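Model the following, please.
(2 chains)
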Amino acid sequence: MATIELEKLVKRYGKVEVVKGIDLSIADGEFVVFVGPSGCGKSTTLRMIAGLEEISGGTLKIGPEVVNEREPKQRNIAMVFQNYAIYPHMTVRQNIGFGLYTSKLDKAEKDKRIEEAGRILGLEALLDRRPAALSGGQRQRVAIGRAMVRDPSAFLFDEPLSNLDAQLRAQMRIEIKRLHQRLKTTTVYVTHDQIEAMTMADRIVVMKDGNILQVGTPSELYESPVDVFTARFIGSPSMNLVRGKRNGTGVEMAAGGDVLIGVRPHDLIAHSVITDGGGFSITGTVTAVEPLGPETLVHLDIADNSVIATAREKFVPAIGSQLTCQAAPGDLYLFDASTETFLGRS
Amino acid sequence: MSDTALSPPLYKANIRPGRIIAWTLLFIGGLMMISPLAFMFSTSFKTPDQVYDLRLIPAAPTLANYIAVLADGRFMRWFFNSMLVATIVTVSNCFFDSLVGYTLAKFEFRGRYFIFLAILSTLMIPTEMLVIPWYLMSSQLGWLDSYWGIMFPGMMTAFGTFLMKQFFETVPNDFIEAARVDGLNEFQIWWKVALPLVTPALSALAIFTFLGNWTAFFWPLIVTTSKELYTLPVGLSSFAVEQQIQWEMIMTGAAIATIPTLIVFIVLQRYIVRGVMLAGLKG
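Have a look, this model is predicted:
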């Protein structure tokens, strides 16, 4: 196991800077998730850690040593790719064992590790099959097995669940998390799926345009996002934002106001009967409803904006009806309307 | 029961006029291609006085030609020469063409495109134009009338390099990068990961190269003077001159000569199945 430290790390392709001098310190055994939209530089950063991309500037340390100039094989890291990258001409056993191809371990020890990885990942019965005879989830487990057997200093995952269906993705999320809890190996995980980030990470790194916007635990990012981008990126559905202004007691909606009022859909409650509980309220026309079972997401048009609210207790508003939704004062997030930076909770 | 009841109409529905025309054309084409082969085998079982009798099945078939050809030490020597040359050149092509093809497909380096174009441009030059420089080169380096002299022009080909490069480009980079992270060096990655993924192309290259060299006539005829170094096509032609065109003997030699090509094709053609590569990726 090892720490990973990024100091002013830069990646340039010609004159284009895609990673712009980022700093990050990953603790030994920590599970860190890089999250951000496509093209934000998260995969490039991961590939620089893996040694698959040359570092244009800055320093990368794995453990106490600077590894900028080291080949991938000299870094003792293992990587799991989005497309699995398991070899179709090899059996599952050979694929998992391929991680030990250059290892000096004796054959008995290699076999033991392969069997152990197979057992942990539930692949014992499939060891002599070829990838073509495996499902997507099983293939991804083989890829993880190949990384595991090497007992690396760190695991790198590059969007490993993107090709799986929703159910399998949820299952694999838990499996990877359990694996990390069991092995306690430093893990860097890249995804564009904020649910993966929230459910798996010890710390989340939010990236945008080659910069790190915020680093923090999932709850820190959820509760105290540094700006509008992070606030909308973390949480599903995304946070509602409306223009507003401060008044004596709190905030209120106001076109052209100097603040952006943020409220998460789960905190903006649509009631069948309006209660005068104070706080923040929005009235609009229902344009769509999405029943989810225990609750219903309600899409509302308000002035020149649209918001999503939540209706609970089997209340499903009629489309086209006028509806008032309320949020408790402590559930509001305030952002500066011009800089979009976080001002605090209200 | 229901299957039996449904089958006839379904079967009939497939027989359309277009299909009948296509099948007829294919049948005629097939017949045109196979008839020289059939006459070759037919003639190899005929006696000299039956050679000009165009019946496909000989009136009095005989194995005497085969016994005579196989008993002739020269024929076996030419057969061995052809086998040696074709095998070495095929192995060499598979190795070097795929190595260069892989390098051009998967490595970024200055001048890569220029090198590829330079290799490709040699495809535009007809073999007849290359024979004179080859001959001068062989003459000056002392390669005339030697196995190396026969083999060297074909040890690596532009076509093979082009073919392999195109196929290596279809190998996803994830495979290569995964192997790189797993600690393999670049040669090991090519040998253990990339090459098995382009088996169909490699098989096709092996078949084409083997057949091309097995039947090569022009260059071996020019570069060799000793009869011991003749390849089979050159030997058979000289055989014809010496024996005052004994067609039944030539046809017998040619019939035996087809056996290795058939074996090569039968052994390798099952590898020419695309799609195996994608099994390790998503989907």
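
Spell out which parts of chain A neighbour chain B.
By C-beta under 8 Å from any C-beta of the partner chain, the residues of chain A that approach chain B are A:50-52, A:71-73, A:77-79, A:81-89, A:98-99, A:101-103, A:130-132, A:136, A:139, A:143, A:146, A:150, A:163. (Each C-beta comes from the backbone N, C-alpha and C, glycine too.)

hmm, which of those residues are the buried ones?
The neighbour count (16 or more other C-beta atoms under 10 Å in any protein chain shown) marks A:50-52, A:72-73, A:77-79, A:81-89, A:98-99, A:101, A:103, A:130-131, A:136, A:139, A:143, A:146, A:150, A:163 as buried among the residues of chain A next to chain B.

Give me the subset of those residues lying in helices.
Using DSSP state H, the members of those that fall in helices are A:50, A:98, A:136, A:139, A:143, A:146.

and which of these is nearest to residue A:227?
The shortest approach to residue A:227 among these belongs to residue A:50, at 29.3 Å (C-beta to C-beta).

For that closest one, give me its contacts.
A:72, A:75, A:77, A:79, A:156, B:177, B:181 (C-beta atoms under 8 Å, 6 or more residues apart in numbering or on different chains).

Tell me which of those residues fall in strands.
Among the contacts of residue A:50, DSSP state E puts A:77, A:79, A:156 in strands.

pLDDT wise, what is the second one at?
The one in question is residue A:79. Listed pLDDT for residue A:79 reads 93.

Pretty sure it sits against residue A:156.
Yes - Residue A:79 is within contact range of residue A:156, at 4.3 Å (criterion: C-beta atoms under 8 Å).

Identify the contacts common to those two.
A:46, A:50.

My read is that residue A:233 contacts residue A:36, right?
Yes - assessed by C-beta under 8 Å, residue A:233 is found in contact with residue A:36 at 7.4 Å.

Are there residues contacting both of those two? Which ones?
Jointly contacting residue A:233 and residue A:36 under the rule C-beta under 8 Å, 6+ apart are residue A:206.

what helix or strand does the residue lying closest to residue A:260 once chain neighbours are set aside sit in?
Leaving aside its sequence neighbours, residue A:260 sits nearest to residue A:335 (C-beta to C-beta, 6 or more residues apart in numbering or on different chains; 4.1 Å). According to DSSP states H and E, residue A:335 maps onto strand A:332-336.

And for that strand, what's in contact with it?
Applying C-beta under 8 Å, 6+ apart, the set of residues contacting strand A:332-336 is A:225, A:227-228, A:231, A:239, A:241, A:250-251, A:258-263, A:280, A:341-346.

Pull out the CA atoms of it and give them to me as PDB.
Extracted in PDB, the C-alpha atoms of strand A:332-336 (Å, rounded to 0.1, in the frame of the first residue of the first chain):
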ATOM      1  CA  LEU A 332     -31.400  26.300   1.200                       C
ATOM      2  CA  TYR A 333     -28.000  26.900  -0.400                       C
ATOM      3  CA  LEU A 334     -27.000  30.400  -1.400                       C
ATOM      4  CA  PHE A 335     -24.600  31.300  -4.200                       C
ATOM      5  CA  ASP A 336     -23.300  34.500  -5.500                       C
END
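
Within the sheet, what are the partner strands of that strand, with directions?
Applying DSSP bridges to the sheet, strand A:332-336 is found paired with strand A:259-263 (antiparallel), strand A:342-345 (antiparallel).

next one: it to chain centre, how far?
Its chain's C-alpha centre and that of strand A:332-336 lie 23 Å apart, by C-alpha atoms, centre = their mean, to the nearest Å.

Buried ones in the strand or helix carrying residue A:113, by neighbour count?
Using DSSP H and E, residue A:113 sits in helix A:107-120. By neighbour count on 16+ other C-beta under 10 Å, the buried set for helix A:107-120 is A:110, A:113-115, A:117-118, A:120.

helices and strands around that helix, which ones?
helix A:92-98, helix A:136-148 (3 or more C-beta pairs under 8 Å, 6 or more residues apart in numbering or on different chains; DSSP states H and E).

what's the most buried one of those helices?
helix A:136-148 (a mean of 26; mean count of other C-beta atoms under 10 Å in any protein chain shown).

Mean confidence (pLDDT) on that one, please.
Here the average pLDDT along helix A:136-148 is 89.

just how off-centre is it within its chain?
Using C-alpha atoms, centre = their mean, the offset of helix A:136-148 from its chain centre is 20 Å.

Identify all contacting residues around that helix.
A:78-81, A:84-86, A:92, A:95-96, A:98-99, A:114, A:117-118, A:120-123, A:126, A:131, A:134, A:155, A:160-161, A:163-165, A:168, A:171-172, A:175-176, A:179, A:183, B:178, B:182, B:280, B:282-283.

now that helix and helix A:107-120, what's the angle there?
Taking axes from the mean of the first three to the mean of the last three C-alpha atoms, to 10 degrees, one finds helix A:136-148 and helix A:107-120 inclined to each other by 140 degrees.

Strands of the stretch 101-250 of chain B, start to end?
In the stretch 101-250 of chain B, no strands are defined using DSSP state E, counting those that start in this stretch.

Quick one: low-confidence residue ranges for the stretch 1-150 of chain A.
Within the stretch 1-150 of chain A, the stretches with pLDDT under 70 are A:1.

Give me the buried positions along the helix ranked longest in chain B.
Using DSSP H to define each element, chain B has its longest helix at helix B:73-106. By neighbour count with 16+ other C-beta under 10 Å, helix B:73-106 contains the buried residues B:75, B:77-79, B:81-83, B:85-90, B:92-94, B:96-106.

Over to stretch A:36-44?
Result for stretch A:36-44 [16+ other C-beta under 10 Å]: buried residues A:36, A:40-44.

Which ones among the residues you listed map onto helices?
A:42-44.

Can you tell me which of the residues you listed is nearest chain B?
residue A:43 (11.8 Å; C-beta to the nearest C-beta).

Okay, the closest one and residue A:307: tell me how far apart.
Distance, residue A:43 to residue A:307, by C-beta to C-beta, to the nearest Å: 33 Å.

One more: residue A:334?
16 Å.

just how off-centre is the helix holding residue A:113 within its chain?
On C-alpha atoms, centre = their mean, the centre of helix A:107-120 falls 31 Å from the chain's centre.

mind exporting that helix as CSV, just the C-alpha atoms?
C-alpha atoms of helix A:107-120 as CSV (Å, rounded to 0.1, in the frame of the first residue of the first chain):
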residue,chain,number,x,y,z
LYS,A,107,4.1,-21.5,-9.9
ALA,A,108,2.4,-22.9,-6.7
GLU,A,109,2.2,-19.4,-5.2
LYS,A,110,0.9,-18.0,-8.5
ASP,A,111,-1.8,-20.7,-8.6
LYS,A,112,-2.7,-20.0,-5.0
ARG,A,113,-3.2,-16.3,-5.7
ILE,A,114,-5.3,-17.0,-8.8
GLU,A,115,-7.5,-19.5,-6.8
GLU,A,116,-7.8,-17.0,-4.0
ALA,A,117,-8.8,-14.1,-6.3
GLY,A,118,-11.3,-16.4,-8.1
ARG,A,119,-12.8,-17.3,-4.7
ILE,A,120,-13.1,-13.8,-3.5
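
Setting the sequence-adjacent residues aside, check what's closest to residue A:68.
residue A:55 is the one closest to residue A:68 (C-beta to C-beta, 6+ apart), at 5.0 Å.

List the residues that contact that neighbour.
A:9-11, A:48, A:68.

again, only this time at 7 Å
If you count contacts by C-beta atoms under 7 Å, 6 or more residues apart in numbering or on different chains, residue A:55 has them with A:9, A:11, A:48, A:68.

same question, residue A:26
A:3-4, A:32, A:186, A:188.

Please parse chain A into its domains.
A:4-228, A:237-345 (automatic domain parsing).

Could you grab the helix/strand/coil label for residue A:18?
Here residue A:18 is recorded as strand under DSSP: H, G, I helix; E, B strand; the rest coil.

What residues does it make contact with?
With C-beta under 7 Å, 6+ apart, residue A:18 has these contacts: A:11, A:41, A:44, A:210.
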